[in-house]
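Student: Kindly return the folded structure for what I paste below:
(one chain, ligands or ions: 1)
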Amino acid sequence: MSLQQLRDESDFDQLPHNVPVTATIADIEEKKGFIDHYRFVIEVKTKGGSKYFIYRRYREFFTLHQNLESKYSPEDAEKPGPNTCLLPPLPGKIFIGNKKEIAEGRIPELNTYMKRLLGLPVWFLLDDTLRMFFYQTDQDSQQQP
Ligand SMILES: CCCC(=O)OC[C@@H](COP(=O)(O)O[C@@H]1[C@H](O)[C@H](OP(=O)(O)O)[C@@H](O)[C@H](O)[C@H]1O)OC(=O)CCC
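Tutor: Sure thing, here's the model as predicted:
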């Protein structure tokens with residue numbers, strides 16, 4: 001194991017227990033309202049081994065991605081700095097189409113997106129915007145998966 005890998009490993013060991021390490025979409029749910037929308041039922045596993053469900057809609061992913069881009073994407077892609085990183089691409093907005101089919105089509109893409117986000121360097125996993133997205137809110141914990 002290289003020195004870098006050892007350092008990464010020890011950094012990882014230093015991470016708080018509630019840091020998310022995997023997040024996988026388990027289902028989609030239709031939310032009926034003035035405007036129907038779909039949300040993703042996401043199972044999160046933390047470094048400490050706990051598992052819980054959170055419920056996020058596409059626009060929440062979009063907002064997360066915008067925040068992360070504004071913080072970490074180098075203005076000039078050629079000039080990555082010490083605290084910039086190459087973010088995975090977020091599946092794009094879709095303006096027309098069947099909402100259920102759009103949501104279903106997004107499952108593999110958002111799974112890949114989250115897998116790559118949570119695979120970024122250890123320092124990135126401590127970002128508060130990222131952690132807030134994956135924390136279980138009271139609302140999340142009141143839902144039945
Ligand atoms: C031709 C039909 C016009 C139309 O319905 O546009 C829609 C608006 C809405 O666009 P936005 O709200 O900016 O963006 C939408 C939300 O992010 C939505 O999230 P969620 O699933 O969580 O609700 C996504 O599912 C849609 O794919 C996306 O288009 O788009 C714009 O405002 C851009 C200007 C057209």
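Student: From now on I want contacts and neighbour counts done on CA atoms only, so please keep to that.
Tutor: Noted.
Student: so Leu64 sits right up against Thr129, yeah?
Tutor: Yes: using C-alpha atoms under 8 Å, Leu64 is in contact with Thr129, at 7.0 Å.
Student: hey, where'd the strands end up in the chain?
Tutor: 20-31, 37-46, 51-57 (DSSP state E).
Student: of all the ones you listed, which lies closest to the ligand?
Tutor: Closest approach to the ligand among the strands of the chain (C-alpha to the nearest ligand atom): strand 51-57, 4.3 Å.
Student: hmm, who's touching the lengthiest helix in the chain?
Tutor: Criterion DSSP state H: the longest helix present in the chain is helix 99-117. With contact meaning C-alpha atoms under 8 Å, 6 or more residues apart in numbering, helix 99-117 is reached by 22-25, 28, 30, 37-39, 87-91, 94.
Student: These, buried ones only, as a ChimeraX selection?
Tutor: One line in ChimeraX is enough to select the buried members of the contacts of helix 99-117, burial here meaning 16 or more other C-alpha atoms under 10 Å:
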select :22,23,24,25,28,38,39,90
